[in-house]
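A.B. asks: Requesting a structural model of the entry that follows:
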Amino acid sequence: MKNQEEIERQIEETVEALEGIRRAEPRPFFQTRLNARISTMQQRYAPLPKFMVQPAFMWSFLMIVVLLNIGVVIRYDKKDVSEPQNANTFAKEYGLTAFDTNL
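C.D. replies: Got it, this is the predicted structure:
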C-alpha cells in the first residue's frame, strides 16, 4: 500500500506542476527574422532552376553519379593486363635501340 500511496503523491505533484505552465511565446521580431532567413535562402538558390532544388531531383542525380562510379570501377577491374611494361618493351614498342638515348 505504501508504494501505491507514493505513486498517487507523485501524480498529484506532477499535475500541480503542470497547472503553472504558460504557453510558449517566441522572442520579439521572430516572424521578421524568419522571413529574412527564408529570403536569403531563396537568393542562394536563385541561379538554379526550380526543379533542381527539389529533393527528388537531387537524390536521382546522386544515384546516377553513384551508378556511374560503380560502372567505372567494375570496368576498370575487368581490364586485362597482358604483360608488365618495362624499359625493353617500351623501347621495342617505340622503335628505340640502346644507342638512341637522346635525353
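A.B. asks: Which stretches in this protein count as helices?
C.D. replies: 2-19, 30-44, 55-77, 87-93 (DSSP state H).
A.B. asks: Make JSON lines from those and add mean pLDDT and mean neighbour count to it.
C.D. replies: To be clear about C-beta, it is placed using only N, CA and C from the backbone, and glycine gets the same treatment. Formatted as JSON lines, the helices of the chain follow (pLDDT from 0 to 100; neighbours: other CB atoms under 10 Å):
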{"stretch": "helix 2-19", "mean pLDDT": "85", "mean neighbour count": "9"}
{"stretch": "helix 30-44", "mean pLDDT": "84", "mean neighbour count": "10"}
{"stretch": "helix 55-77", "mean pLDDT": "90", "mean neighbour count": "10"}
{"stretch": "helix 87-93", "mean pLDDT": "77", "mean neighbour count": "10"}
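A.B. asks: From Lys50, how far off is Trp59?
C.D. replies: According to CB to CB, to the nearest Å, Trp59 stands 16 Å off from Lys50.
A.B. asks: and what of Arg75?
C.D. replies: Relative to Lys50, and taking CB to CB, Arg75 is found at 36 Å.
A.B. asks: again with Val73
C.D. replies: In this view, Val73 and Lys50 are 34 Å apart by CB to CB.
A.B. asks: can you check Phe57 too?
C.D. replies: 10 Å.
A.B. asks: so what's the backbone phi/psi at Glu25?
C.D. replies: Torsion angles at Glu25 (phi, psi; degrees, to the nearest 10) stand at phi -120, psi 140.
A.B. asks: again with the one 3 residues further on
C.D. replies: Main-chain torsions, Pro28, degrees, to the nearest 10: phi -60, psi 150.
A.B. asks: Tell me the confidence at it?
C.D. replies: At Pro28 the predicted local confidence, pLDDT, stands at 85.
A.B. asks: same check, this time on Pro84
C.D. replies: 63.
A.B. asks: what's the answer for Thr97, then?
C.D. replies: With respect to pLDDT, Thr97 scores 69.
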